[in-house]
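A.B. asks: quick one: sequence and predicted model below, then my questions.
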Amino acid sequence: MDDNLNYETHLLISSKKLIISVISNLDKKIYQEELILQNNSREPNFEKLDQFLNENIFKIEKKLKNFIKKTSVILDLDVFFPVEISIKKNNYGDFFNLKNLNHLLYEVKDYCKKTIDKKKIVHMMIENYQLDNKSYSYLPNNVKCSSYILDVKFYCIPTELVKNLEKTLKKYQISLNQVVNSQYVKKFLSDEQSDIFLMSKKLISGHNPNEVLFVDKMPKNKGFFEKFFHFFN
(Lines give C-alpha, C1' and ligand atoms only; values in the text may rest on other atoms or scores of the structure.)
Protein backbone atom coordinates (compact mmCIF):
# COMPACT_ATOMS: atom_id res chain seq x y z
CA MET A 1 0.00 0.00 0.00
CA ASP A 2 1.30 3.49 -0.91
CA ASP A 3 0.75 5.78 2.06
CA ASN A 4 0.71 8.90 -0.10
CA LEU A 5 -2.11 7.63 -2.33
CA ASN A 6 -4.32 5.34 -0.28
CA TYR A 7 -4.61 6.96 3.12
CA GLU A 8 -3.98 10.12 5.09
CA THR A 9 -3.24 10.53 8.78
CA HIS A 10 -4.69 13.40 10.79
CA LEU A 11 -4.00 14.34 14.40
CA LEU A 12 -6.31 16.61 16.38
CA ILE A 13 -4.82 18.41 19.37
CA SER A 14 -7.04 20.33 21.77
CA SER A 15 -6.96 21.28 25.43
CA LYS A 16 -9.43 18.49 26.20
CA LYS A 17 -8.40 15.60 23.99
CA LEU A 18 -6.08 14.06 21.43
CA ILE A 19 -7.44 12.16 18.45
CA ILE A 20 -5.59 10.36 15.70
CA SER A 21 -7.52 9.39 12.59
CA VAL A 22 -6.46 7.54 9.45
CA ILE A 23 -8.66 8.04 6.37
CA SER A 24 -8.59 6.17 3.08
CA ASN A 25 -8.66 7.88 -0.30
CA LEU A 26 -12.34 6.85 -0.42
CA ASP A 27 -12.97 8.82 2.81
CA LYS A 28 -13.38 5.68 4.92
CA LYS A 29 -12.02 5.60 8.48
CA ILE A 30 -9.29 3.00 8.73
CA TYR A 31 -8.37 3.79 12.32
CA GLN A 32 -9.34 6.29 15.00
CA GLU A 33 -8.39 6.57 18.64
CA GLU A 34 -9.03 9.25 21.26
CA LEU A 35 -7.46 10.26 24.57
CA ILE A 36 -9.30 12.54 27.01
CA LEU A 37 -6.99 14.97 28.80
CA GLN A 38 -7.53 15.84 32.44
CA ASN A 39 -5.73 19.16 32.66
CA ASN A 40 -6.88 21.73 30.13
CA SER A 41 -4.14 23.93 28.74
CA ARG A 42 -3.81 26.59 26.06
CA GLU A 43 -0.58 24.97 24.86
CA PRO A 44 -0.20 21.38 23.61
CA ASN A 45 0.87 18.86 26.22
CA PHE A 46 3.80 17.34 24.36
CA GLU A 47 4.45 14.72 27.02
CA LYS A 48 0.88 13.41 26.64
CA LEU A 49 1.13 13.71 22.89
CA ASP A 50 4.30 11.63 22.87
CA GLN A 51 2.66 8.94 25.00
CA PHE A 52 -0.42 8.97 22.80
CA LEU A 53 1.61 8.54 19.63
CA ASN A 54 3.68 5.80 21.23
CA GLU A 55 0.51 3.88 22.04
CA ASN A 56 -1.03 4.23 18.58
CA ILE A 57 1.56 4.56 15.82
CA PHE A 58 2.66 0.93 15.95
CA LYS A 59 -0.96 -0.24 15.98
CA ILE A 60 -1.74 1.88 12.95
CA GLU A 61 1.31 0.77 11.02
CA LYS A 62 0.56 -2.85 11.82
CA LYS A 63 -2.99 -2.40 10.56
CA LEU A 64 -1.83 -0.60 7.41
CA LYS A 65 1.13 -2.94 6.90
CA ASN A 66 3.05 0.19 6.07
CA PHE A 67 4.80 3.10 7.77
CA ILE A 68 3.18 6.46 8.40
CA LYS A 69 5.35 8.99 6.59
CA LYS A 70 3.48 12.22 7.38
CA THR A 71 0.49 13.60 9.24
CA SER A 72 -1.59 16.76 9.25
CA VAL A 73 -2.29 18.38 12.61
CA ILE A 74 -5.60 20.07 13.44
CA LEU A 75 -5.09 22.51 16.30
CA ASP A 76 -8.13 23.28 18.43
CA LEU A 77 -6.23 25.73 20.64
CA ASP A 78 -6.07 29.47 21.12
CA VAL A 79 -2.68 29.80 19.42
CA PHE A 80 -3.62 31.38 16.09
CA PHE A 81 -2.66 34.94 15.27
CA PRO A 82 -4.79 36.51 12.50
CA VAL A 83 -3.35 39.08 10.10
CA GLU A 84 -5.50 41.02 7.62
CA ILE A 85 -3.97 42.88 4.66
CA SER A 86 -5.65 44.92 1.92
CA ILE A 87 -3.68 45.88 -1.16
CA LYS A 88 -4.66 48.00 -4.17
CA LYS A 89 -3.21 47.82 -7.68
CA ASN A 90 -3.78 49.69 -10.94
CA ASN A 91 -4.97 47.53 -13.84
CA TYR A 92 -5.31 50.25 -16.53
CA GLY A 93 -8.56 48.90 -17.94
CA ASP A 94 -7.15 45.46 -18.73
CA PHE A 95 -8.74 42.12 -17.87
CA PHE A 96 -8.24 41.00 -14.29
CA ASN A 97 -6.44 37.68 -14.66
CA LEU A 98 -4.65 34.98 -12.74
CA LYS A 99 -1.19 36.13 -13.85
CA ASN A 100 -1.67 39.48 -12.13
CA LEU A 101 -3.20 37.77 -9.12
CA ASN A 102 -0.29 35.35 -8.75
CA HIS A 103 2.27 38.15 -8.58
CA LEU A 104 0.16 40.12 -6.13
CA LEU A 105 -0.37 37.18 -3.79
CA TYR A 106 3.37 36.55 -3.69
CA GLU A 107 3.82 40.20 -2.76
CA VAL A 108 1.18 40.06 -0.01
CA LYS A 109 2.57 36.83 1.41
CA ASP A 110 6.12 38.22 1.50
CA TYR A 111 4.88 41.37 3.21
CA CYS A 112 3.07 39.31 5.85
CA LYS A 113 6.17 37.18 6.50
CA LYS A 114 8.24 40.33 7.06
CA THR A 115 5.78 41.77 9.56
CA ILE A 116 5.17 38.71 11.76
CA ASP A 117 7.84 37.91 14.32
CA LYS A 118 8.64 34.26 15.06
CA LYS A 119 5.39 33.08 13.52
CA LYS A 120 4.57 30.78 10.62
CA ILE A 121 1.73 31.22 8.13
CA VAL A 122 -0.57 28.18 8.07
CA HIS A 123 -3.58 29.60 6.19
CA MET A 124 -3.88 32.33 3.56
CA MET A 125 -7.34 33.25 2.27
CA ILE A 126 -8.66 35.84 -0.14
CA GLU A 127 -11.59 37.36 1.73
CA ASN A 128 -12.78 39.72 -1.00
CA TYR A 129 -12.04 40.88 -4.55
CA GLN A 130 -12.95 44.50 -5.33
CA LEU A 131 -12.78 45.55 -8.98
CA ASP A 132 -13.60 49.23 -9.60
CA ASN A 133 -15.57 49.35 -6.34
CA LYS A 134 -17.57 46.21 -7.17
CA SER A 135 -17.03 43.34 -4.72
CA TYR A 136 -16.77 39.65 -5.61
CA SER A 137 -16.65 36.78 -3.13
CA TYR A 138 -14.90 34.53 -5.67
CA LEU A 139 -12.41 35.10 -8.45
CA PRO A 140 -14.22 36.95 -11.27
CA ASN A 141 -13.73 35.81 -14.85
CA ASN A 142 -13.34 38.02 -17.95
CA VAL A 143 -13.79 41.33 -16.11
CA LYS A 144 -11.92 44.51 -17.07
CA CYS A 145 -11.10 47.10 -14.44
CA SER A 146 -9.06 50.24 -13.86
CA SER A 147 -7.91 49.06 -10.45
CA TYR A 148 -8.56 46.28 -7.97
CA ILE A 149 -8.26 45.65 -4.24
CA LEU A 150 -7.64 42.32 -2.54
CA ASP A 151 -8.52 41.67 1.09
CA VAL A 152 -6.35 38.81 2.32
CA LYS A 153 -6.44 37.08 5.71
CA PHE A 154 -3.67 34.98 7.25
CA TYR A 155 -3.67 32.62 10.21
CA CYS A 156 -0.26 32.29 11.84
CA ILE A 157 1.11 30.26 14.75
CA PRO A 158 4.34 30.54 16.76
CA THR A 159 7.33 29.05 14.96
CA GLU A 160 8.42 27.41 18.21
CA LEU A 161 5.15 25.49 18.35
CA VAL A 162 5.73 24.15 14.83
CA LYS A 163 9.26 23.10 15.77
CA ASN A 164 7.99 21.24 18.85
CA LEU A 165 5.36 19.43 16.79
CA GLU A 166 7.98 18.44 14.24
CA LYS A 167 10.35 17.30 16.98
CA THR A 168 7.69 15.10 18.61
CA LEU A 169 6.61 13.53 15.32
CA LYS A 170 10.20 12.97 14.25
CA LYS A 171 10.61 10.45 17.09
CA TYR A 172 8.31 8.20 15.07
CA GLN A 173 9.89 9.06 11.69
CA ILE A 174 6.82 11.11 10.79
CA SER A 175 6.95 14.50 9.10
CA LEU A 176 4.48 17.34 9.63
CA ASN A 177 2.41 17.73 6.48
CA GLN A 178 0.10 20.62 7.37
CA VAL A 179 -1.16 22.55 10.38
CA VAL A 180 -4.87 23.37 10.24
CA ASN A 181 -6.96 25.75 12.33
CA SER A 182 -9.92 23.79 13.72
CA GLN A 183 -12.13 26.90 13.87
CA TYR A 184 -11.51 27.46 10.18
CA VAL A 185 -12.45 23.85 9.40
CA LYS A 186 -15.62 24.07 11.50
CA LYS A 187 -16.94 26.90 9.29
CA PHE A 188 -17.31 24.36 6.49
CA LEU A 189 -19.00 21.62 8.50
CA SER A 190 -22.65 20.87 7.75
CA ASP A 191 -25.31 18.25 8.37
CA GLU A 192 -24.07 16.44 5.27
CA GLN A 193 -20.42 16.65 6.33
CA SER A 194 -19.96 16.89 10.10
CA ASP A 195 -16.64 15.05 10.45
CA ILE A 196 -13.78 17.46 11.15
CA PHE A 197 -11.14 15.04 9.81
CA LEU A 198 -12.89 14.49 6.48
CA MET A 199 -13.47 18.23 6.06
CA SER A 200 -9.86 18.99 6.98
CA LYS A 201 -8.79 16.48 4.33
CA LYS A 202 -10.95 18.26 1.75
CA LEU A 203 -9.65 21.72 2.66
CA ILE A 204 -6.03 20.59 2.45
CA SER A 205 -6.86 19.33 -1.05
CA GLY A 206 -8.31 22.69 -2.14
CA HIS A 207 -12.00 22.60 -1.16
CA ASN A 208 -12.05 26.34 -0.44
CA PRO A 209 -11.54 28.15 -3.79
CA ASN A 210 -10.35 31.28 -1.96
CA GLU A 211 -7.60 29.63 0.04
CA VAL A 212 -4.03 29.79 -1.23
CA LEU A 213 -2.45 26.36 -0.81
CA PHE A 214 1.23 26.02 0.00
CA VAL A 215 3.09 23.21 -1.74
CA ASP A 216 6.70 22.06 -2.03
CA LYS A 217 6.93 22.34 -5.80
CA MET A 218 6.77 25.19 -8.31
CA PRO A 219 3.45 27.06 -8.28
CA LYS A 220 1.14 25.75 -10.95
CA ASN A 221 -1.93 27.64 -12.07
CA LYS A 222 -4.95 25.33 -12.12
CA GLY A 223 -7.19 27.82 -13.95
CA PHE A 224 -10.75 28.92 -13.38
CA PHE A 225 -12.27 25.44 -13.51
CA GLU A 226 -10.49 24.23 -10.38
CA LYS A 227 -10.32 27.67 -8.78
CA PHE A 228 -7.50 27.34 -6.33
CA PHE A 229 -3.91 28.41 -6.27
CA HIS A 230 -0.64 26.65 -5.48
CA PHE A 231 2.29 28.56 -4.10
CA PHE A 232 5.65 28.01 -2.49
CA ASN A 233 5.72 27.17 1.21
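C.D. replies: Ah, there it is. Numbering: from 1, shown residues only.

A.B. asks: quick check: Val212 touching Leu105?
C.D. replies: Yes: with contact defined as Cβ atoms under 8 Å, Val212 and Leu105 form a contacting pair (6.0 Å). Heads up, the C-betas are built off the backbone N, CA and C, glycines and all.

A.B. asks: the two: who's more crowded?
C.D. replies: Set Val212 next to Leu105 and count neighbours by other Cβ atoms under 10 Å: Val212 wins out with 23 against 20.

A.B. asks: can you tell me the SS state at that one?
C.D. replies: Secondary structure, DSSP: H, G, I helix; E, B strand; the rest coil: Val212 is strand.

A.B. asks: okay, and the beta partners of it?
C.D. replies: Phe229 (DSSP bridges).

A.B. asks: and the helices in this structure, which stretches?
C.D. replies: All helices of the chain, identified by DSSP state H, fall at 3-6, 46-64, 98-115, 159-170, 182-186, 196-204, 223-226.

A.B. asks: as a markdown table, these with distance to Ser21 would be great.
C.D. replies: Below are the helices of the chain laid out as a markdown table (distance: least, Cβ to Cβ, whole Å):
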| stretch | distance to Ser21 |
| --- | --- |
| helix 3-6 | 15 |
| helix 46-64 | 10 |
| helix 98-115 | 30 |
| helix 159-170 | 15 |
| helix 182-186 | 13 |
| helix 196-204 | 4 |
| helix 223-226 | 26 |
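
A.B. asks: out of those, which comes closest to Ile149?
C.D. replies: Ranking the helices of the chain by their distance to Ile149 (criterion: Cβ to Cβ) puts helix 98-115 first, at 10.3 Å.

A.B. asks: tally of neighbours for Asn97?
C.D. replies: 15.

A.B. asks: same check on the one 4 residues further on?
C.D. replies: Here the neighbour count serves as a burial measure; for Leu101 (other Cβ under 10 Å) it reads 19.

A.B. asks: just give the closest residue to Glu107, not the sequence neighbours.
C.D. replies: Distance criterion Cβ to Cβ, 6 or more residues apart in numbering; nearest residue to Glu107, sequence neighbours excluded, is Ile87 at 7.2 Å.

A.B. asks: for the one you found, what are its contacts?
C.D. replies: Contacts for Ile87 (Cβ atoms under 8 Å, 6 or more residues apart in numbering) come out as 104, 107-108, 111, 149-150, 152.

A.B. asks: that one bridge partners, please.
C.D. replies: Leu150.

A.B. asks: with mean pLDDT and distance to Leu35 added, can I get the helices of the chain in TSV?
C.D. replies: Below are the helices of the chain laid out as TSV (pLDDT from 0 to 100; distance: least, Cβ to Cβ, whole Å):
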stretch	mean pLDDT	distance to Leu35
helix 3-6	58	23
helix 46-64	96	5
helix 98-115	86	35
helix 159-170	97	14
helix 182-186	97	17
helix 196-204	96	16
helix 223-226	36	38
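
A.B. asks: please identify the deepest-packed of these.
C.D. replies: helix 196-204 (a mean of 20; mean count of other Cβ atoms under 10 Å).

A.B. asks: what's that one in contact with?
C.D. replies: For helix 196-204, using Cβ under 8 Å, 6+ apart, the contacting residues are 8, 10, 12, 19, 21, 23, 27, 29, 32, 72, 74, 177-178, 180, 182, 184-186, 188-189, 193, 207, 211, 213.

A.B. asks: give me that answer again for 7 Å
C.D. replies: Outside helix 196-204, the residues that touch it by Cβ atoms under 7 Å, 6 or more residues apart in numbering are 8, 10, 12, 21, 23, 27, 72, 74, 178, 180, 182, 185-186, 188-189, 193.
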